[in-house]
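Sharing a sequence plus its predicted fold:
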Amino acid sequence: SQKIEQNSEALNIQEGKTATLTCNYTNYSPAYLQWYRQDPGRGPVFLLLIRENEKEKRKERLKVTFDTTLKQSLFHITASQPADSATYLCALRGTGRRALTFGSGTRLQVQP
Amino acid sequence: EAGVTQFPSHSVIEKGQTVTLRCDPISGHDNLYWYRRVMGKEIKFLLHFVKESKQDESGMPNNRFLAERTGGTYSTLKVQPAELEDSGVYFCASSQEKTSGRGEQYFGPGTRLTVT
């Protein structure tokens, strides 16, 4: 069955450092891979999308890489700030379907 | 522009009762999705509407769940009768891929359902 794995342990880093979150998947050939941010008591908020034929995408302090051979995406936040503290969700979408399959998320805590 | 709204924010009902959740998508968004997160698990897809038509119902757990989107605007999700395992947070999302083509979905704040 399809499986998406994100590090369930919280990631604690110091302000100003780069946070790197990992998303691995199996038994899936996604057309798109998306990253969302979720704060407590709120719904997920879209951050970045990367297509299967793209290797890297950037947006301001955010960078996503996508390796379809390794079946892995890395999500980087550079110059991290305490306001970046949240849970980050990886979501996959297949060809022909619009439903998203989510990972369980990784909680990021940026210490001032 | 108003975001996706959901009502109620929290519902507590007894096993066997009926609950109806409502979602108002972003105006003009043809695509509407329902997802839910049960305790300790990841967010899971339930179904997808395109306007008033059900495009994908593959995630609906059983026939106790009924989703409607009359007129292609707001949507309701009814659970009847509710069971303990239905407890969780129900999210609604919408998207308009005609304009963006990128597939990002805009989520509401969720309805927390507690079945006792």
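Now that the structure is in, tell me what you want to look at. Numbering: from 1, shown residues only, chains lettered A, B, ... in the order given.

Around chain B, pick out the residues from chain A.
Proximity of chain A to chain B is confined to A:4, A:32, A:34, A:36, A:41-46, A:49, A:89, A:93, A:97-105 under the rule CB under 8 Å from any CB of the partner chain. For glycine as for every other residue, the C-beta is placed from the backbone atoms N, C-alpha and C.

Make sure A:Leu11 is actually in contact with A:Lys17.
No: the criterion here is CB atoms under 8 Å, and A:Leu11 misses it with A:Lys17 at 10.6 Å.

Looking at the two, which is more packed in?
Legend: neighbour count by other CB atoms under 10 Å in any protein chain shown for A:Leu11 and A:Lys17, higher for A:Leu11 (16 against 13).

In the chain, what residue spans correspond to strands?
All of this is about chain A. With strands called from DSSP state E, chain A shows them at A:3-6, A:11-14, A:19-26, A:32-38, A:45-51, A:56-59, A:62-67, A:72-77, A:86-93, A:101-102, A:106-111.

not quite, I wanted chain B
Secondary structure of chain B, counting by DSSP E: strands at B:5-7, B:10-13, B:19-24, B:31-37, B:44-50, B:53-56, B:65-68, B:75-79, B:88-95, B:106-107, B:111-115.

of all those strands, which lies closest to A:His76?
strand B:106-107 (23.0 Å; CB to CB).

now the strands of chain A in a markdown table, with mean pLDDT?
Shown next, in a markdown table, are the strands of chain A (pLDDT from 0 to 100):
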| stretch | mean pLDDT |
| --- | --- |
| strand A:3-6 | 92 |
| strand A:11-14 | 96 |
| strand A:19-26 | 96 |
| strand A:32-38 | 95 |
| strand A:45-51 | 94 |
| strand A:56-59 | 96 |
| strand A:62-67 | 96 |
| strand A:72-77 | 97 |
| strand A:86-93 | 96 |
| strand A:101-102 | 95 |
| strand A:106-111 | 97 |
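
Including distance to B:Glu83, could those go into JSON lines?
Output for those, formatted as JSON lines (distance: least, CB to CB, whole Å):
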{"stretch": "strand A:3-6", "distance to B:Glu83": "26"}
{"stretch": "strand A:11-14", "distance to B:Glu83": "36"}
{"stretch": "strand A:19-26", "distance to B:Glu83": "31"}
{"stretch": "strand A:32-38", "distance to B:Glu83": "26"}
{"stretch": "strand A:45-51", "distance to B:Glu83": "31"}
{"stretch": "strand A:56-59", "distance to B:Glu83": "42"}
{"stretch": "strand A:62-67", "distance to B:Glu83": "39"}
{"stretch": "strand A:72-77", "distance to B:Glu83": "36"}
{"stretch": "strand A:86-93", "distance to B:Glu83": "27"}
{"stretch": "strand A:101-102", "distance to B:Glu83": "23"}
{"stretch": "strand A:106-111", "distance to B:Glu83": "30"}
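
Tell me how many other residues crowd residue 85.
Just so you know, I chose chain A. Counted with other CB under 10 Å, the neighbours of A:Ser85 add up to 19.

try again with chain B
Using other CB under 10 Å, B:Glu85 is surrounded by 11 other residues.

Please apply the same query to A:Ala10.
A:Ala10 has 11 nearby residues by other CB under 10 Å.

and if you look at A:Gly94?
Quick note: A:Gly94 (other CB under 10 Å) scores 16 neighbours.

and what of B:Asn62?
Counted with other CB under 10 Å, residues neighbouring B:Asn62 total 8.

Would you mind measuring from it to chain A?
Using CB to the nearest CB, to the nearest Å, one gets 18 Å for the distance from B:Asn62 to chain A.

Can you pull the residues of chain B lying near chain A?
So chain B meets chain A at B:4, B:31, B:33, B:35, B:41-45, B:48, B:55-56, B:58-59, B:91, B:93, B:95, B:97, B:102-110 (CB under 8 Å from any CB).
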